[in-house]
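# Sequence and computational prediction follow.
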Amino acid sequence: MVRDEHVRQPAEEGPLPGRPERKAERRDARSHRLTARGRWAPHNGAVPPVPTARHLLRAKDLADARYAEPLTVADLAAAAALSPAHFSRRFKAAFGESPHQYLLTRRLERAAALLVSTDWSVADIGVAVGARSIGSFTTSFRRMYGTSPQAYRTARPPAARHVRIPLCVAMAYGRPRNRTFREDTGRAAP
């Protein structure tokens, strides 16, 4: 009887290489990574790699600087050099809100500052912050601040008597509490 040399017979019983049992063992062995501080931590995808975090910060800075322009999620994703879907997932994981929601929040914060510091009409302020329609601007403002833009203005002192403070200070203390990215831990703060 002639034996075929090219046909390989299993030598032993048990899991073969590439079987699910072995893959699970290899996955468990790779599931821990060394962190930057020298501690072992589980790798669950929650901590974005440093280059991606920089790209996300670049897109966030673009949204902060050009909020009045008709920016889209695709524009912000292009600034981060990511696809729009992947960018949206990573942005929300890092900053706690979607890119669209962040842009809307930024616009409404600026509108609130303009309502208090200027005598412009509500329509002019809506156009100045990049709202596409006054109706959607008023609805979004009411949803965020709990009152209409005009009622928000009348509840504060007139612009002529208002103390002028730098916008960066007003933003730091006047912003609604949102989750922000913490670079030291790589996770969104509570």
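That came through fine. Everything numeric in this text was worked out from a predicted model, so none of it was measured.

# can you list the domain ranges for the protein.
51-96, 101-174 (automatic domain parsing).

# Show the average pLDDT along the first one.
Mean pLDDT, taken over the full extent of domain 51-96, equals 89.

# From here on, call the first residue 192.
I'll keep to 192 as the first residue from here, and by that count the last item is domain 242-287.

# coming back round to it: so of the domains of the chain, which one's packed in deepest?
When you average the neighbours per residue for each of the domains of the chain (mean count of other Cβ atoms under 10 Å), domain 242-287 leads with a mean of 17. All C-beta atoms are positioned from the backbone trio N, CA, C, and that covers glycine.

# ok, residues contacting stretch 245-256?
Here stretch 245-256 makes contact (Cβ atoms under 8 Å, 6 or more residues apart in numbering) with 239, 262, 266-268, 270-273, 278, 281-282, 285-286, 290, 293-294, 297, 372.

# looking at the chain, which helix or strand is least sure?
Ranked by mean pLDDT, DSSP states H and E, the weakest helix or strand in the chain is strand 223-225, scoring a mean of 46.

# Just the residues contacting whichever strand or helix holds residue 329, thanks.
Assigned by DSSP states H and E, residue 329 belongs to helix 325-336. By Cβ under 8 Å, 6+ apart, the list of residues contacting helix 325-336 from outside reads 295-296, 299, 302-303, 313-314, 317, 320, 322, 339-340, 343, 367.
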